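S.K.: Sharing a model that was predicted from the sequence below.
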Amino acid sequence: MKHITQQEVRRACFALAAKIRRADRRSRPLKLWGIPRGGVAAVYAMLAGAAPPVIRATIMAWIVLGAAALDQVLSWPNALAAAALVIVGLEPAQLFDPGFQLSFGAVLSLIVFAPRWH
């Protein structure tokens, strides 16, 4: 069995997203584009091996796509908190996992400090 690299998975997801985007433009309104993209994110998460950073990114992608589909203003701290609640709700032991803590800490620091860098 061939080992699948992240770069190969990323390329396949981008190619699939491009095909979905072309099909969506012909058949669906703009707001519904997020539904197939959310599916692509889920497939990527499964192929990349459901580690806490991958799950966090997938949940946050779903929140971003959902906010766009519902014409809502996105709050990044709330999206990060929702992702943390989902992960801890499904597996409470993740709260003590260093990968979980580092992933959420890194994203939180980007949310807090990135606006100051501009």
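M.R.: Good, I have the coordinates.
S.K.: okay, CA-based contacts and neighbour counts for the rest of this
M.R.: OK.
S.K.: Regarding residue 97, what are the backbone dihedral angles?
M.R.: In terms of degrees, to the nearest 10, the main-chain angles of residue 97 are phi -80, psi 130.
S.K.: What about it, how many residues nearby?
M.R.: Per other Cα atoms under 10 Å, the neighbour tally for residue 97 reads 11.
S.K.: Okay, and the one residue sitting closest to the centre of the chain sits in which element?
M.R.: The residue lying closest to the centre of the chain (Cα atoms, centre = their mean) is residue 58, at 2.6 Å. Using DSSP states H and E, residue 58 maps to helix 52-69.
S.K.: that older thread, enumerate every residue touching the residue nearest to the centre of the chain.
M.R.: Residues in contact with residue 58 (Cα atoms under 8 Å, 6 or more residues apart in numbering) are 41, 42, 45.
S.K.: What strand or helix carries the nearest residue to residue 76 once chain neighbours are set aside?
M.R.: By the measure of Cα to Cα, 6 or more residues apart in numbering, the closest residue to residue 76 outside its immediate chain neighbours is residue 111, 7.0 Å from it. Using DSSP H and E, residue 111 falls within helix 98-117.
S.K.: residues in contact with residue 113?
M.R.: Shown in contact with residue 113 (Cα under 8 Å, 6+ apart): no residues.
S.K.: Model confidence at it, what's the number?
M.R.: For residue 113, the pLDDT comes out at 88.
S.K.: What are the buried residues along stretch 75-89?
M.R.: For stretch 75-89, the neighbour count (16 or more other Cα atoms under 10 Å) marks 76, 79, 80, 81, 82, 83, 84, 87 as buried.
S.K.: on that earlier part again, how many other residues sit next to the residue nearest to residue 76?
M.R.: 14.
S.K.: Surely it and residue 79 touch.
M.R.: No - in this structure, residue 111 is not within contact of residue 79 by Cα atoms under 8 Å, at 10.8 Å.
S.K.: now the helix holding residue 58 and helix 98-117, what's the angle there?
M.R.: 50 degrees (axes from the mean of the first three to the mean of the last three Cα atoms, to 10 degrees).
S.K.: Thanks again, I'm all set now.
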